[in-house]
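K.L.:
Sequence first, predicted coordinates after that:
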Amino acid sequence: MTRSSPGSATSSSSSPPLAEPALGRVGRDGALALSLERRGPRTVLAGCRSTLPLQVLAPVALEDPAAVVWMLNPTGGLLGGLLRSLGAAWARVRPPRSPDATDPYAPPSTSSAPAAGVSARAAWTAHPPARRTPDWFALAMLDQALHGGRAGRIHRRLVLEKQVAVDTEGGIQYPVGNLFDYNGPTLMVTRILHKPEYSAEKTLETYDEVIGEVQEQGVSEDELEQVKVKFRSDYFSMLEGGMGGYMPRYGLMHLLACFALFDGEPGLVNTILDGFQKVTRARLQTAAQKFLVPSNRSIVLRQPVQKGTA
């Protein structure tokens, strides 16, 4: 029974309140069954069955005993369900040996190889700092200052100012990866496509000037702030990026996998930027002096193929 007073918007009822309707299940039902086995030093996908909206890509073989298996939802949206078992092969896999910081450096070298264009490539082979340490964050900011696209110091000096090169690229793990998808020895590579009227020696001399200035003078506070803004922007672009229309949000999946595999904390995808924002000018300059030393560098010179020799 309901009573209301004239001209009033309020009402009262002696009936019990109605229960909210239960939410029904939405979405589609899929199934996925994986079987992982240890065969010698490798982990292999021995069996796989799936029905849409679940799909499995071919596994990726790594240099260590692990195997990476991508599980996709091509229809988009969120996945929910029950994980029963992926097999016991994980427990029998021994983790790879961690790199020894006392391993000797590779000796510096210069070599030549035939190519379609004139280029020089400098690879710094220093032992990198451990992940998520102050030096690791500082080396990332140094990389961004040097190789941050057209705004990077190397591109500005060699292409825009001195005009000895037509293009430069580079970075940590270049060109096979990035800062986040390695854990151990790696390279910081600079690729310079210089003009034919300039020798490789002149090009490397200009390149060394850029490195020397950062080691001796560091970067200004304004430049460091711009580097951090650019790095943060690139990070969010990576998070939102995909691999064509068939794999949206690949960047997010990739970073989650890296933080889970190397750090055991996939939630770092939300907080890792804090460490980069704390890098100071002094820390960046120290990283340049510590890691970018001539004894850690190898140089590859690529020359055009001469007519009649191909």
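P.N.:
Received it, and whenever you're ready, just let me know what you need.

K.L.:
For the rest of this, base every contact and every neighbour count on C-alpha atoms.
P.N.:
Noted.

K.L.:
can you tell me which residues contact Gly170?
P.N.:
His147, Met188, Val189, Thr190, Arg191 (Cα atoms under 8 Å, 6 or more residues apart in numbering).

K.L.:
Name the nearest residue to it, sequence neighbours excluded.
P.N.:
Nearest residue to Gly170, sequence neighbours excluded (Cα to Cα, 6 or more residues apart in numbering): Thr190, at 4.3 Å.

K.L.:
in the sheet, who's paired with the one you found?
P.N.:
Under DSSP bridges, the beta-bridge partners of Thr190 are Ala122, Gly170.

K.L.:
Give the next helix or strand downstream of the longest helix seen in the chain.
P.N.:
The single longest helix within the chain, with elements called by DSSP state H, is helix 221-240. Using DSSP states H and E, the helix or strand that follows helix 221-240 in sequence is helix 250-258.

K.L.:
between that following helix and helix 221-240, how big is the angle?
P.N.:
Using axes from the mean of the first three to the mean of the last three Cα atoms, to 10 degrees, the inter-axis angle of helix 250-258 relative to helix 221-240 is 100 degrees.

K.L.:
residues near the residue nearest to Gly170, how many?
P.N.:
Thr190 has 22 neighbouring residues, counting by other Cα atoms under 10 Å.

K.L.:
how close does it sit to Ser298?
P.N.:
Distance from Thr190 to Ser298, counting by Cα to Cα, to the nearest Å: 11 Å.

K.L.:
Strands of the chain, residue ranges please.
P.N.:
Along the chain, the segments classed as strands by DSSP state E run 2-3, 12-13, 31-39, 42-51, 55-56, 60-61, 67-68, 71-72, 110-115, 119-124, 165-172, 188-194, 297-304.

K.L.:
In TSV: these, plus distance to Glu213.
P.N.:
As requested, those are arranged in TSV below (distance: least, Cα to Cα, whole Å):
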stretch	distance to Glu213
strand 2-3	83
strand 12-13	79
strand 31-39	51
strand 42-51	47
strand 55-56	49
strand 60-61	42
strand 67-68	42
strand 71-72	47
strand 110-115	23
strand 119-124	17
strand 165-172	18
strand 188-194	17
strand 297-304	17
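
K.L.:
quick one: which of those is nearest Pro266?
P.N.:
When the strands of the chain are compared by Cα to Cα, strand 67-68 sits nearest Pro266, at 15.6 Å.

K.L.:
Leaving out chain neighbours, which residue sits closest to Ser50?
P.N.:
Residue nearest to Ser50 in three dimensions, not counting chain neighbours: Leu32, with 4.3 Å by Cα to Cα, 6+ apart.

K.L.:
Run through the residues that contact the one you found.
P.N.:
Shown in contact with Leu32 (Cα under 8 Å, 6+ apart): Cys48, Arg49, Ser50, Thr51, Leu54, Gln55.

K.L.:
Could you work out the most separated pair of these?
P.N.:
Cys48 and Leu54 (11.4 Å).

K.L.:
quick one, which of the two is more surrounded?
P.N.:
Leu54 (18 against 12).

K.L.:
Would you check that the more buried one makes contact with Ala33?
P.N.:
No - if you go by Cα atoms under 8 Å, Leu54 and Ala33 don't touch, sitting 10.2 Å apart.

K.L.:
quick one: buried residues of the longest helix of the chain?
P.N.:
Across helix 221-240, burial judged by 16 or more other Cα atoms under 10 Å covers Leu224, Glu225, Val227, Lys228, Lys230, Phe231, Met238, Leu239.

K.L.:
ok, these vs Thr280, which is closest?
P.N.:
Proximity to Thr280 was ranked across the buried residues of helix 221-240 by Cα to Cα; first place goes to Leu224, at 8.1 Å.

K.L.:
Excluding sequence neighbours, find me the nearest residue to the closest one.
P.N.:
Leu224 sits nearest to Arg281 (Cα to Cα, 6+ apart), 7.1 Å away.

K.L.:
quick one: that neighbour from Leu179, how far?
P.N.:
20 Å.

K.L.:
next one: Val214
P.N.:
From Val214 to Leu179 the distance is 20 Å (Cα to Cα).

K.L.:
likewise Leu284?
P.N.:
16 Å.

K.L.:
more neighbours, these two?
P.N.:
Ranked by neighbour count (other Cα under 10 Å), Leu284 and Leu179 place Leu284 first, with 26 against 18.

K.L.:
looking at it, the more buried one is touching Ala145, isn't it?
P.N.:
No - using Cα under 8 Å, Leu284 is not in contact with Ala145; the gap is 9.6 Å.
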